[in-house]
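J.: could you look at this predicted model? Sequence included:
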Amino acid sequence: MMAVFYSAEELTISERRLRADLAHESAVEMVIYDVLVKGNRSIWIGDGIVTRNVQISEQMFSVSVQQATGLIDAMTSDSRILSRLLAWLAIPRNSREPDFLSARSTGTLRPATYTDLQAMLGLSHSAFACLYPHITFYSGRVEPDWRYASNDLVELVGLRSRSAGTHSVLNDDTSSHNVTGATLRVNVLPGNTSDEAAGLSVEVTITGQIDPSHLIRSWKRITRMDNSKQCRNLNTQ
């Protein structure tokens, strides 16, 4: 048997990474527990993207929660909306081989994971990191629900703005947030004062049942984008 030795520096880096990963997972579990216990009264449920700072093991993390219906579904959304998003991020049509939009409409290709989607679109890691915050596999809608969409998507897709006072009193759904059956995207990133950039994104469905109470749909490592403007006019080569 061959022995493998690690330097003290390597062990320190590995230990720090493990602690960060455990803190990320703890933050996600904290959100899930709060939503399961309090339902739509949870502090993590609301319009748009709910973001709060959380301290875990003496470290500050930025935790955000968004309902997946506020995102663009990569498989079921109107192709014009998806095309508009790709154009907004300056992802040229000829960079996607095979053409994902055409393959999607014919049903010849269906990505099982976000890694599959990235490969089908032919995107670099940095380009997909900019696309990921706006898309999902777990909405099932033709267009995003404006109540849970980010401000960027509200403007990009031409959805009704939350600030425009367009809530309808005839629609009960606008006065409350039903979490039963909802899929939530929980993002955990280091606080602004941290030098770390790596985080965790988990999509979880609240079943409304006792067992199982929730289902983990996706589990993805993400990176904090220091400047959101860098996600526009991307060079995808």
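T.: Looks like it came in fine. Predicted model, so just to flag it, every value in this text is computed and none were measured. Numbers count the residues shown, from 1 in each chain.

J.: contacts for the helix or strand encompassing L184, please.
T.: Element membership of L184 [criterion: DSSP states H and E] is strand 183-190. Residues outside strand 183-190 that contact it (CB atoms under 8 Å, 6 or more residues apart in numbering) are 20, 23-24, 27-28, 31-32, 35, 44, 59-69, 71, 136, 138-139, 196-206, 217, 222, 224. Backbone N, C-alpha and C define where each C-beta goes, glycine included.

J.: name the helices or strands packed onto the longest helix along the chain?
T.: Identified as the longest helix of the chain according to DSSP state H is helix 8-38. Packing contacts for helix 8-38, counted by 3 or more CB pairs under 8 Å, 6 or more residues apart in numbering; DSSP states H and E, involve strand 50-56, strand 59-67, strand 183-190, strand 198-206.

J.: and H177, which of the three is it?
T.: Secondary structure, DSSP: H, G, I helix; E, B strand; the rest coil: H177 is coil.

J.: relative to T69, how far out is the closest residue to A68 other than its chain neighbours?
T.: Distances taken as CB to CB, 6 or more residues apart in numbering place T183 nearest to A68, at 4.1 Å, with adjacent residues excluded. The gap separating T183 from T69 is 8 Å, by CB to CB, to the nearest Å.

J.: overlap in contacts of those two?
T.: S139.

J.: in the protein, which helix or strand is least confident?
T.: helix 100-106 (a mean of 74; mean pLDDT, DSSP states H and E).

J.: off-centre distance for it?
T.: With CA atoms, centre = their mean, to the nearest Å as the basis, helix 100-106 stands 23 Å off its chain's centre.

J.: what are the buried residues along that helix?
T.: F100, R104 (16 or more other CB atoms under 10 Å).

J.: which of the contacts of strand 183-190 count as buried?
T.: For the contacts of strand 183-190, buried by 16+ other CB under 10 Å: 20, 23-24, 27-28, 31-32, 35, 44, 61-69, 71, 136, 138-139, 199-206, 217, 222, 224.

J.: the longest helix of the chain: which residues count as buried?
T.: For helix 8-38, by 16+ other CB under 10 Å, it's A20, A23, H24, A27, V28, M30, V31, I32, D34, V35, L36.

J.: make TSV out of these and add pLDDT.
T.: TSV is the format used below for the buried residues of helix 8-38 (pLDDT from 0 to 100):
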residue	pLDDT
A20	84
A23	92
H24	94
A27	96
V28	97
M30	97
V31	98
I32	97
D34	97
V35	96
L36	96
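
J.: got the CA positions of the strand holding L184 in PDB?
T.: Provided in PDB are the C-alpha atoms of strand 183-190 (Å, rounded to 0.1, in the frame of the first residue of the first chain):
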ATOM      1  CA  THR A 183     -40.000  24.700  -5.600                       C
ATOM      2  CA  LEU A 184     -37.600  27.100  -3.900                       C
ATOM      3  CA  ARG A 185     -34.100  28.000  -5.000                       C
ATOM      4  CA  VAL A 186     -31.900  28.600  -2.000                       C
ATOM      5  CA  ASN A 187     -28.500  30.300  -2.700                       C
ATOM      6  CA  VAL A 188     -25.900  30.600   0.000                       C
ATOM      7  CA  LEU A 189     -22.900  32.900  -0.700                       C
ATOM      8  CA  PRO A 190     -20.100  34.300   1.500                       C
END
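
J.: ok, it: who's next to it in the sheet?
T.: Strand pairing for strand 183-190, determined by DSSP bridges: strand 59-67 (antiparallel), strand 198-206 (antiparallel).

J.: perfect, that will be all.
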